[in-house]
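Engineer: next one to model:
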Amino acid sequence: MLRVQRFVSAFGVAAGFVVASACTNSAVESDDLCDDLAARSLIDLFIDSAEWTASDGATPAHCKVIGAIETEINFELLLPDSSSWNGRFLMGGGGGYVGTVQNQAIGLFDEGGTPLQRGYATVGTDTGHQGSGIEAEWALDHRTRQRNWGHRAVHVTAEAAKSIIQQYYGRLPTYSYFVGCSRGGGQAMMESQRYPTDFDGIVAAAPAYNWTAFTAGFVQIQQAMFPDGDLNRPVLTPESLSLLGTSILAACDADDGVVDGVMTDPRRCDFSPAELPRCAGGKPAADCLTEAQLTAIEAVYEGPISNDKPFFFGFNYGGENDQGGWDSWVVKSSRQWEREVPNAQYGFGTEFYKYFVFGDPNWDYKNYDFSTWREDTAEISRVVDATETDLTEFRDRGGKIIYWTGWSDLALTPLGTIDYYERLEMDDPSARDYARLYMLPGVLHCASGPGPDKVDWVEVIQAWVEEGRAPERLVALKRDATGSVTLTRPVCPYPQKAVYDGVGDPSLDSSFTCARP
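Structural biologist: Below is the predicted model of the structure:
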């Protein structure tokens with residue numbers, strides 16, 4: 001903490017801005033002030049460029065600041081013209097291993113408008129290294145980079161952005177917010193736990209918060225998916241995924257009163273893959289499963305095991321035959337990666353164990369038996385895992401946090417998100433005063449899937465923080481390729497769920513109420 005305090009103090013002194021001149025309503029004056037930023041080289045913070053961009057109609061006029069903290073933590077900060085700044089700061093997270101400057105507040109969280117359109121100053125970071133989002137070779141024997149990616153880069157970027165905001169506008173933001181999904185959701189949780197004074201409101205979507213555990217699950221799934229090590233021949237085929245997915249929906253889709261290809265709560269589904277026919281002679285076919293295929297399927301649902309005991313959660317039903325579900329994450333993705341990676345779980349899991357856990361580029365996923373898993377991951381867990389449920393400091397300063405996850409997520413198990421929230425409530429009976437969880441039926445990782453996936457989370461968290469309007473029943477939208485709304489459904493604060501009234505139009509949220517199971 002002392003290091004960060006010196007950094008902020010040094011920045012404030014070295015900047016040398018005259019506060020009165022930072023407040024301007026003139027585009028010409030804003031342009032001059034933007035140029036002034038580019039001329040400054042500050043202790044621990046280097047501004048490479050500050051470029052004024054005029055409005056193009058869709059995007060308001062703004063100053064784009066590109067810089068680096070401590071040489072490797074790169075960031076991009078967008079500052080609206082002072083006449084349109086709403087007085088707030090909104091930071092967006094990054095996905096996977098990041099490696100490029102990313103800001104999920106732009107694009108992923110723009111239902112209701114982009115940050116600039118809403119008037120926010122907004123920033124994103126690469127978390128201190130360069131690389132594709134699925135490779136982690138940059139972390140090999142490099143504790144500083146591991147630490148920056150694990151938790152520190154988001155914090156110091158937020159501090160730097162606020163300092164520049166203060167110099168540019170003449171005051172600090174009145175409120176600060178963070179939104180992120182996947183790794184960005186894990187960054188969000190890390191902020192609430194390690195740096196509780198950085199943000200007033202946080203949205204943690206599909207949070208990658210327990211890296212050592214869920215990547216272990218990834219590796220065990222891949223051991224069953226590619227038992228002979230041939231990454232071009234997964235045990236499961238498109239036909240077996242279709243059989244599995246259609247069988248699950250046939251058994252359970254109607255449980256919530258609406259046959260629509262979506263299960264409101266997949267945990268209620270009374271189905272077992274073992275009920276499916278076995279292939280004669282062990283040869284794969286479209287209407288049956290081999291024993292190897294059943295083993296791989298069960299590995300997905302059962303979760304990781306060490307010494308015959310489970311230590312994290314498997315996946316619930318959902319996404320088996322949805323594009324962007326099992327195909328991309330578990331079996332054989334059509335996406336072309338920079339190195340030989342058959343699917344996303346293989347990429348994230350093997351890279352983490354090679355470069356974070358064992359520091360060995362030649363580590364082989366096939367041979368790891370997980371018997372020493374806890375000992376192997378104990379040290380790095382303290383750097384990358386955001387599992388702490390004591391949010392006392394965040395709570396006491398008035399912070400609010402929203403967690404949400406799609407029920408058909410095949411990247412981060414929804415059951416893990418639920419477990420964290422339930423432990424939070426167990427450890428703090430007042431948790432619902434500052435934390436809420438929402439589960440989105442039929443939604444894949446961060447977005448997409450057959451269920452409605454669009455909610456204006458920025459507006460929701462802002463209303464809770466600034467107006468005290470605690471979120472209750474929200475409405476999620478499904479948009480087609482043209483942007484038109486095709487489906488609306490309520491999303492309810494966990495453990496409530498949407499219950500169909502039995503008579504209304506199931507494509508309208510007005511036909512559903514929120515109720516406890």
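Engineer: going by C-alpha atoms from here, please, whenever you check contacts or count neighbours.
Structural biologist: Fine.
Engineer: ok now the longest helix anywhere in the chain, how far from the chain's centre?
Structural biologist: Using DSSP state H, we find that the single longest helix of the chain is helix 153-169. Distance, stretch centre to chain centre, for helix 153-169: 22 Å (CA atoms, centre = their mean, to the nearest Å).
Engineer: what mean pLDDT does that helix get?
Structural biologist: Helix 153-169 carries an average pLDDT of 97.
Engineer: buried set for it?
Structural biologist: For helix 153-169, the neighbour count (16 or more other CA atoms under 10 Å) marks 153-169 as buried.
Engineer: same check on stretch 240-256?
Structural biologist: Neighbour-count burial for stretch 240-256, with 16+ other CA under 10 Å as criterion, is recorded at 240-249, 252-256.
Engineer: from these, which single one is nearest residue 195?
Structural biologist: residue 256 (40.5 Å; CA to CA).
Engineer: right, and that closest one touches residue 264 too?
Structural biologist: Yes. If you go by CA atoms under 8 Å, residue 256 and residue 264 touch, sitting 6.2 Å apart.
Engineer: wait, residue 277 sits on residue 285?
Structural biologist: No. With contacts counted by CA under 8 Å, residue 277 stays clear of residue 285, the gap being 10.3 Å.
Engineer: for these two, indicate the residue with more neighbours.
Structural biologist: residue 285 (15 against 11; other CA atoms under 10 Å).
Engineer: how far does stretch 137-154 sit from its chain's centre?
Structural biologist: Using CA atoms, centre = their mean, the offset of stretch 137-154 from its chain centre is 18 Å.
Engineer: now do stretch 354-371
Structural biologist: Relative to the chain's own centre, stretch 354-371 is displaced by 25 Å; criterion: CA atoms, centre = their mean.
Engineer: follow-up on the earlier one: tell me which two in the buried residues of stretch 240-256 are the farthest apart.
Structural biologist: 240 and 256, at 25.6 Å, using CA to CA across those.
Engineer: got the domain ranges for this protein?
Structural biologist: Per automatic domain parsing, the structural domains of the chain span 1-173, 178-209+386-474, 213-383.
Engineer: for those, give me JSON lines that also has distance to residue 500.
Structural biologist: Listed next are these as JSON lines, based on distance: least, CA to CA, whole Å:
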{"stretch": "domain 1-173", "distance to residue 500": "25"}
{"stretch": "domain 178-209+386-474", "distance to residue 500": "13"}
{"stretch": "domain 213-383", "distance to residue 500": "6"}
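Engineer: ranges for the strands of the stretch 1-150 of the chain?
Structural biologist: Along the stretch 1-150 of the chain, counting by DSSP state E, counting those that start in this stretch, strands occupy 41-42, 45-53, 62-69, 73-80, 88-92, 121-125.
Engineer: what do you get for the stretch 201-350 of the chain?
Structural biologist: Remark: strands assigned in the stretch 201-350 of the chain by DSSP E, counting those that start in this stretch are 201-205, 305-306, 309-310.
Engineer: report all helices and strands that the first one contacts.
Structural biologist: In other words, strand 201-205. strand 175-181, helix 183-194, strand 400-406, helix 457-467 (3 or more CA pairs under 8 Å, 6 or more residues apart in numbering; DSSP states H and E).
Engineer: tell me how far the second one is from the chain's mean position?
Structural biologist: Averaging C-alpha positions (CA atoms, centre = their mean) puts helix 183-194 9 Å from its chain's average.
Engineer: wait, what's in contact with the residue nearest to residue 213 when sequence neighbours are not counted?
Structural biologist: Closest residue in space to residue 213, ignoring its immediate chain neighbours: residue 312 at 6.1 Å, by CA to CA, 6 or more residues apart in numbering. Residues in contact with residue 312, defined by CA atoms under 8 Å, 6 or more residues apart in numbering, are 213-214, 217, 303-305, 416.
Engineer: now tell me what touches stretch 506-513 from outside.
Structural biologist: 258, 475, 486-490, 498-505.
Engineer: if we go to 10 Å?
Structural biologist: Contacts to stretch 506-513, defined as CA atoms under 10 Å, 6 or more residues apart in numbering, come from residues 257-260, 473-478, 486-492, 496-505.
Engineer: neighbours of residue 237, how many?
Structural biologist: 17.
Engineer: now the closest residue to it other than its chain neighbours: how far from residue 454?
Structural biologist: Excluding its sequence neighbours, the residue lying closest to residue 237 (CA to CA, 6+ apart) is residue 331, at 7.8 Å. Look at residue 331 and residue 454: by CA to CA, to the nearest Å, they are 27 Å apart.
Engineer: again with residue 197
Structural biologist: Taking CA to CA, one finds residue 197 at 29 Å from residue 454.
Engineer: swap in residue 445?
Structural biologist: On the measure of CA to CA, residue 445 and residue 454 end up 13 Å apart.
Engineer: and if you look at residue 299?
Structural biologist: From residue 299 to residue 454 the distance is 31 Å (CA to CA).
Engineer: neighbours around residue 129, how many?
Structural biologist: 23.
Engineer: follow-up on the earlier one: out of the strands of the stretch 1-150 of the chain, which is closest to residue 145?
Structural biologist: Per CA to CA, nearest to residue 145 of those: strand 73-80, 9.2 Å.
Engineer: give me the mean pLDDT for that closest one.
Structural biologist: In the prediction, strand 73-80 has an average pLDDT of 98.
Engineer: before we move on, the earlier item: to residue 208, which of the strands of the stretch 1-150 of the chain lies closest?
Structural biologist: Once these are compared by CA to CA, strand 88-92 is nearest, at 14.9 Å.
Engineer: chain center to the closest one, what's the gap?
Structural biologist: 16 Å.
Engineer: again, but for stretch 399-408
Structural biologist: Put simply, stretch 399-408 sits 10 Å off its chain's centre (CA atoms, centre = their mean).
Engineer: what of stretch 132-148?
Structural biologist: 19 Å.
Engineer: now swap in stretch 285-293 and tell me
Structural biologist: Distance of stretch 285-293 from the chain centroid (CA atoms, centre = their mean) equals 34 Å.
Engineer: CA-only coordinates of it in CSV, if you can.
Structural biologist: C-alpha atoms of stretch 285-293 as CSV (Å, rounded to 0.1, in the frame of the first residue of the first chain):
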residue,chain,number,x,y,z
ALA,A,285,-22.8,-43.5,-33.5
ALA,A,286,-25.3,-40.7,-33.6
ASP,A,287,-27.9,-42.4,-31.4
CYS,A,288,-25.7,-43.8,-28.6
LEU,A,289,-22.7,-43.1,-26.4
THR,A,290,-19.5,-45.1,-26.0
GLU,A,291,-18.1,-45.7,-22.5
ALA,A,292,-15.3,-43.2,-23.2
GLN,A,293,-17.9,-40.6,-24.2
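Engineer: what does it contact?
Structural biologist: 224-227, 234-244, 273-274, 276-284, 294-299.
Engineer: report the buried members of these.
Structural biologist: Neighbour-count burial (16+ other CA under 10 Å) is assigned, among the contacts of stretch 285-293, to 224-227, 234-237, 239-244, 273, 276, 278, 284, 294-299.
Engineer: now for residue 256 and residue 264: what residues contact both?
Structural biologist: In contact with both residue 256 and residue 264: 498-499, using CA under 10 Å, 6+ apart.
Engineer: the residue lying closest to residue 323 once chain neighbours are set aside: how many residues sit nearby?
Structural biologist: Distance criterion CA to CA, 6+ apart; nearest residue to residue 323, sequence neighbours excluded, is residue 449 at 7.6 Å. Residue 449: 24 surrounding residues under other CA under 10 Å.
Engineer: again, but for the one 4 residues further on
Structural biologist: A count of neighbours around residue 453, defined by other CA under 10 Å, yields 26.
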